[in-house]
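> Sharing a sequence plus its predicted fold:
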Amino acid sequence: MQKTIEIVSERNSIFRQRVELDGFEDIFVDVPRAFGGEGSAPDPHDYFDLSLGACKAITAQMYAKRKQWPLEGVSVTINRDDSEERKGTYRLEVVMTFHGIDDPAQRQRLEEISHKCPIHRLMTSSTVEVTTRTADIAES
């Protein structure tokens, strides 16, 4: 499946970008003030991190629903350590709370299942190929 996401620089902003994605509006990306941006929206790292947390939560919810477990909701906290990112190590600690699940074995199984979410697998076991090119004038 192919999907196109368009990112357009916002006029009159320093680094703020507007994202056009399947009819969703009001998705923006910016850079923190410490890096010269306005800090008006999450930065690209935030979206990277939150996609992992959201995918893990959704995967656990889908599994619990299929098993008819009493999961009422999931809370996820992502703790980022990017202190060694320039050396090639980017650490994310994911802390998950499964509301409504009292059985320790079920909580453990939901955690295990969350490791199988597509974003976790993409981040940890896939080869991602990125091709970047300049658009032809006719494409703009």
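Structure received. Numbering: from 1, shown residues only.
> residues touching the residue most central in space within the chain, list them.
When Cα atoms, centre = their mean is applied to the chain, the residue found nearest the centroid is residue 51 (1.5 Å). By Cβ atoms under 8 Å, 6 or more residues apart in numbering, the contact set of residue 51 is residue 119. C-beta coordinates here come from the backbone N, C-alpha and C atoms, glycine included.
> In terms of pLDDT, where does it sit?
What the model reports as pLDDT for residue 51 is 97.
> do the same with residue 140
pLDDT, residue 140: 58.
> now residue 107
In this model, residue 107 is scored at 98, pLDDT.
> Okay, and it sits in which element?
Assigned by DSSP states H and E, residue 107 belongs to helix 104-114.
> got it, and residue 8?
strand 6-9.
> got a list of contacts for the following helix or strand past that strand?
For strand 6-9, the succeeding helix or strand toward the C-terminus, using DSSP H and E, is strand 17-21. With Cβ under 8 Å, 6+ apart as the test, strand 17-21 has contacts from 5, 6, 7, 8, 9, 10, 27, 28, 29, 30.
> Return the set of buried residues in strand 17-21.
If you call a residue buried by 16 or more other Cβ atoms under 10 Å, then strand 17-21 has these buried ones: 17, 18, 19.
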